[in-house]
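Visitor: I'll drop the sequence and a predicted model, then ask my questions.
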Amino acid sequence: MRGVGNIWVAFRDRLSDLLSSRDLIYFFSLLVPLAVLELTLKAIGIYAETPPASEFSFWKPIDLLRSEAQFILGYALLWIGLFAALRRGIGRIVVLALFQFSAVALVIVVTVAYQYYRSTGTVLNYGIVAYYLATPGEAHGAVASDSPLWAWYVLSAALLYVLPGPLLVTGFLSRRRTEEPNTAEREGPNPEPFPHEAGLPRRGMTRTQFLAAGSGTAAGVFLFKESLLAGPAMGAVDSFSRAPVSNLVATGLEQARLEEAAKDVQARHPLINASLRPTERTRRRHVALIHLESTRERSVTPYNGSLETMPYLADLAKSSLMVERAYTTIPHTSKAITSVNTGLYPNPTTDIIEARKGAIPASGLAGLLAEQGYQTAWFQSATETFEDRPELVANFGYGHFQAYEAMNTEGYERSNYLGYEDDIVLEPGRAWLKENAGSPTLVQFLGVTPHDQYLPIHRYGRKRFTSRQMLDRYLNNVYYDDFWVRNVIEMYRQLGLYEDTIFMIYGDHGEGFDEHGVRGHDGVIWEEGLRTPLIVHDLQSFDGGERVAGPAHLIDFAPTIVDMLGFEVVDGEYPGRPLTDLPEDRTMYFSCRPDFLSAARIQGDQKYIYHFGHRTEEYYDLKLDPMEQQNLIAKVSKSEIDRLRADLLKWHAEARAEYDEKPDQS
């Protein structure tokens, strides 16, 4: 014990050479609570994702905390070095201000990162932070709905301490030391009670202090760099193994690298000059797009007969075209509806680029049909303000747009932070159809009821599908939408339009409930996030019912509708195919939001997932392993993995370039 005490005394003395006692009090009163907050929240996160006790390793938590320890130590040494180097004047004021500001930023990042991981199962990366800083209004509903009250208390308490706390502690302890001085330190011919504690040191740095300050700063930078390079710990994903700030920096650098590599990619614009031309097959009919929000294939009755969530849809499927394997493009609504309404892959970036004026490099289906005399309308139970929806719908070419703000909300329940129960669109939809039924119509009915938060809707009663609370709430809201689909179709029947209408009933994306440790949909690159129901109900084409094995993609919507209406595309070609003519060996591509989180490709039954270095790549045989439980990546040759990765990144860059480049319309 005496040896340890001697080491501590030596360390204290050396540290005192660099910083005054007042500095030391201030420094540690700020740093220690920060370290405790970061390590505690990370430890809670580790506990939440720890495997069963039989698989638990004693070293896993230590390994997972390595980056945090490196970051905290590096952070401390960096500021010690700066404090020692800039001991007076304007430089000292700047260092103090930056130290305080960095501490506030660190509290916010660490707390938000923990809550984001708790809510989604994915770590906070640069892409999502950059997006929400640019559009803070978009984050409000999602953050408020998923954050428990105690999380706000923790953040508020931490910020309240960080701002005035260290100054108060420093003042209090400094006064106590001044009031009760150590008389031994006053002895000598020129006693001076703590000359450096009341203010800054009076003399410049000695050579030793200069070297120590430089070494501390260099060591801090080195340790911070090491925290960026933290690899996967005991099976954890790379990004979870990093400290939150380190992960933001690492993912930002990776994003910049990939964006730079994609600069020279040539964009393709297969529909920039496209138009529709009538043929002898052309029939002027009605088209209704019924959008099932966040509805995954495995949670609806037509695809899972043991789950009675959508019995009406299951019965309807018997006289419809049902695609057995249908996929979204990006599991996010604004991205998915871009594919539905244009026939293109959406831009894989986090931003809703597609809502910018002139951003979509093609005429949308609504615009093309409007040129052929169609009346077009969009009705949604969601708010109109989220992700620039009016601008996005206008880019698709719709002539009429109506969100719940322009509807009568009396008697309707809130389904989530985005909007109301989906039946709210029926009254305005009926009124518009009655007025425009003399012309062929294209109408998009966009529901929002099964979206997170899954608030209980009581109009059609509630069932108990599972003991898991959030999953049960979700399934009950899917159950609600079975009645909504029936109501939309019955509305067309009552208006005399039913037999002459093509109904496209689809899920925009799925939803994750920890099947792969991830919740929600934005970051769910596995089948629970990508697979959706897809049913085409048209008595004139599929009265006896038909099954298509697939795989189909949301980019197949536009060519399917154009083909069913009997038009042909002139001066352009859809990347997708009609659902009745799907190729068996096609390659489909997918991305996640935020960008540079995950991407995937499927060819036949073979699925490859790339996580942009955040976690181990994945490879599945979906025919043998449809639930993606056995990652076969270790059995795939390095050359094949390199080929798959290169192909996926090539698609990713080309999809970005289609929107980033100004297409030549000459």
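Guide: Good, I have the coordinates. As the structure is a prediction and not an experimental result, all values here were calculated from the model. Numbers count the residues shown, from 1 in each chain.

Visitor: now for the closest residue to Leu368 other than its chain neighbours: which residues touch it?
Guide: Distances taken as C-beta to C-beta, 6 or more residues apart in numbering put Leu276 closest to Leu368, at 5.0 Å, once the chain neighbours are dropped. Every C-beta, even on glycine, is put in place using the N, C-alpha and C of the backbone. Shown in contact with Leu276 (C-beta atoms under 8 Å, 6 or more residues apart in numbering): 368-369, 371-372, 562, 567-570.

Visitor: those residues in strands, which ones?
Guide: 567-570 (DSSP state E).

Visitor: what is the neighbour count of the residue lying closest to Leu530 once chain neighbours are set aside?
Guide: Excluding its sequence neighbours, the residue lying closest to Leu530 (C-beta to C-beta, 6+ apart) is Tyr327, at 5.0 Å. Residues near Tyr327, counting by other C-beta atoms under 10 Å, number 27.

Visitor: check Asp543 too.
Guide: 12.

Visitor: repeat for Arg462
Guide: Neighbours around Arg462, by other C-beta under 10 Å: 14.

Visitor: quick one: it is in a strand?
Guide: No: counting by DSSP: H, G, I helix; E, B strand; the rest coil, Arg462 is not found in a strand; it is coil.

Visitor: wait, it touches Asn476, no?
Guide: Yes: taking contacts as C-beta atoms under 8 Å, Arg462 lies within contact range of Asn476: 5.3 Å.

Visitor: which residues do these two both contact?
Guide: The contact sets of Arg462 and Asn476 overlap at Pro456 (C-beta under 8 Å, 6+ apart).

Visitor: where along the stretch 301-450 of the chain do the strands fall?
Guide: Taking DSSP state E, counting those that start in this stretch, the strands of the stretch 301-450 of the chain run over residues 321-323, 326-327, 375-380, 400-402, 414-416, 419-420, 441-446.

Visitor: of these, which is nearest Leu30?
Guide: In this view, these are compared for proximity to Leu30 by C-beta to C-beta, and strand 414-416 is the closest at 39.4 Å.

Visitor: neighbouring strands - and their directions - for the closest one?
Guide: strand 419-420 (antiparallel) (DSSP bridges).

Visitor: please list the residues outside the strand it pairs with that contact it.
Guide: Residues contacting strand 419-420 (C-beta under 8 Å, 6+ apart): 380-383, 403-404, 409, 412-414, 448.

Visitor: filter these down to the buried ones.
Guide: Among the contacts of strand 419-420, those buried by neighbour count (16 or more other C-beta atoms under 10 Å) are 380-383, 403-404, 412-413, 448.

Visitor: pLDDT for the residues you listed - can I get that in JSON lines?
Guide: Below are the buried ones among the contacts of strand 419-420 laid out as JSON lines (pLDDT from 0 to 100):
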{"residue": "Gln380", "pLDDT": "98"}
{"residue": "Ser381", "pLDDT": "98"}
{"residue": "Ala382", "pLDDT": "97"}
{"residue": "Thr383", "pLDDT": "95"}
{"residue": "Ala403", "pLDDT": "98"}
{"residue": "Tyr404", "pLDDT": "97"}
{"residue": "Tyr412", "pLDDT": "97"}
{"residue": "Glu413", "pLDDT": "97"}
{"residue": "Val448", "pLDDT": "97"}
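
Visitor: which parts of this structure belong to which domain?
Guide: Per the record, the chain has its domains at 21-181+199-257, 294-579, by automatic domain parsing.

Visitor: which of those domains has the lowest mean pLDDT?
Guide: If those are sorted by mean pLDDT, domain 21-181+199-257 sits at the bottom with a mean of 69.

Visitor: how far away is the nearest residue to Arg486 once chain neighbours are set aside from Thr301?
Guide: In this structure, Arg486 finds its nearest non-sequential neighbour in Tyr312, 4.8 Å apart by C-beta to C-beta, 6+ apart. Look at Tyr312 and Thr301: by C-beta to C-beta, to the nearest Å, they are 9 Å apart.

Visitor: ok, Lys434 next?
Guide: For Lys434, the distance to Thr301 - C-beta to C-beta - is 32 Å.

Visitor: tell me which of the two has more neighbours.
Guide: A direct count of neighbours by other C-beta under 10 Å for Lys434 and Thr301 places Thr301 higher, at 21 against 11.

Visitor: dihedrals phi and psi, the residue nearest to Pro270 when sequence neighbours are not counted?
Guide: Distances taken as C-beta to C-beta, 6+ apart place Glu573 nearest to Pro270, at 5.1 Å, with adjacent residues excluded. Note on Glu573: backbone dihedrals following degrees, to the nearest 10 are phi -150, psi 130.

Visitor: again, but for Glu546
Guide: Backbone phi and psi, for Glu546 under degrees, to the nearest 10, turn out to be phi -150, psi 150.

Visitor: enumerate the positions of stretch 480-498 that are buried.
Guide: 480-489, 491-492, 497-498.

Visitor: format those as JSON lines; extra columns: secondary structure.
Guide: Conversion of the buried residues of stretch 480-498 to JSON lines gives the following (three-state DSSP):
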{"residue": "Tyr480", "secondary structure": "helix"}
{"residue": "Asp481", "secondary structure": "helix"}
{"residue": "Asp482", "secondary structure": "helix"}
{"residue": "Phe483", "secondary structure": "helix"}
{"residue": "Trp484", "secondary structure": "helix"}
{"residue": "Val485", "secondary structure": "helix"}
{"residue": "Arg486", "secondary structure": "helix"}
{"residue": "Asn487", "secondary structure": "helix"}
{"residue": "Val488", "secondary structure": "helix"}
{"residue": "Ile489", "secondary structure": "helix"}
{"residue": "Met491", "secondary structure": "helix"}
{"residue": "Tyr492", "secondary structure": "helix"}
{"residue": "Leu497", "secondary structure": "coil"}
{"residue": "Tyr498", "secondary structure": "helix"}
